[in-house]
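A.B. asks: next come a sequence and a model predicted from it.
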Amino acid sequence: MPAASESGSPSGALPALPRTWRPFGARMVGSILFVGLVSIFAVTWVTFPPETRAKFTAFQIGTVFFIVGLAGSVILAIVRSKAVASASGLVVVNGYRRRELAWAQILHVRMPQGAPWVSLDLSDGSTLSVFAIQASDGQIARRAVRELRACVHDLAG
């Protein structure tokens, strides 16, 4: 899903800064999944007869809370992904990892056909994935790639 040509000037205009991008689809699915998970456990617990609930040990109940907490932490990692552009650079949060980049460090913004999310080619030769801009978001992702390319093009120099 190329948002603009891979080389040359970006077709998007520089967005008003600071600008934050977040994955729309992943946030919706993650939120619904977590609410559904908690709801299923809660409804199941409430529908058990009192004598069945009394048979559960503290360890078994703690295990259920641990599983819900573990699932919640994985979902939160996906939901909290974001990219924040400011005049000084780009902050990329992927899961629980945060990376701050100066505009001069970013050489190219890429989202080739079939790629799940944006990747940045950096001046040190490495590549950084940006989970905040996901191809599954369609037109929103294409606009975000154009805006990010405009930021790199206009602010890196």
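C.D. replies: Sure, I can see it.
A.B. asks: mind giving me the packing neighbours of the longest helix that the chain contains?
C.D. replies: Longest helix in the chain by number of residues (criterion: DSSP state H): helix 24-47. Contact here means 3 or more Cβ pairs under 8 Å, 6 or more residues apart in numbering; DSSP states H and E; on that basis helix 24-47 packs against helix 58-79, strand 127-134. Just so you know, the C-beta spots here come from the backbone N, C-alpha and C atoms, and that holds for glycine as well.
A.B. asks: try 10 Å
C.D. replies: Judged by 3 or more Cβ pairs under 10 Å, 6 or more residues apart in numbering; DSSP states H and E, the packing partners of helix 24-47 are helix 50-54, helix 58-79, strand 127-134, helix 139-155.
A.B. asks: how far off centre is it?
C.D. replies: Relative to the chain's own centre, helix 24-47 is displaced by 19 Å; criterion: Cα atoms, centre = their mean, to the nearest Å.
A.B. asks: can you point out the buried residues in it?
C.D. replies: 26-27, 30, 33-34 (16 or more other Cβ atoms under 10 Å).
A.B. asks: next: stretch 66-77.
C.D. replies: Neighbour counts over stretch 66-77 (16+ other Cβ under 10 Å) mark 68, 72, 75, 77 as buried.
A.B. asks: report the contact partners of the residue nearest to the second one when sequence neighbours are not counted.
C.D. replies: Here the nearest residue to Gly72 in space, its sequence neighbours aside, is Phe34; by Cβ to Cβ, 6 or more residues apart in numbering that works out to 5.8 Å. The contact partners of Phe34, taken as Cβ atoms under 10 Å, 6 or more residues apart in numbering, are 68, 71-72, 74-76, 79.
A.B. asks: now pLDDT too, for these, in TSV please.
C.D. replies: Formatted as TSV, those follow (pLDDT from 0 to 100):
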residue	pLDDT
Val68	94
Ala71	94
Gly72	95
Val74	94
Ile75	95
Leu76	95
Val79	92
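A.B. asks: still on that earlier bit, so which of the helices and strands packed on helix 24-47 comes closest to Ala85?
C.D. replies: helix 139-155 (4.9 Å; Cβ to Cβ).
A.B. asks: how big is the angle separating that closest one from strand 127-134?
C.D. replies: Going by axes from the mean of the first three to the mean of the last three Cα atoms, to 10 degrees, helix 139-155 is angled at 130 degrees with respect to strand 127-134.
A.B. asks: what helices and strands are in contact with helix 139-155?
C.D. replies: If contacts are counted by 3+ Cβ pairs under 10 Å, 6+ apart, helix 139-155 sits against strand 19-21, helix 24-47, strand 82-86, strand 89-94, strand 106-110, strand 117-122, strand 127-134.
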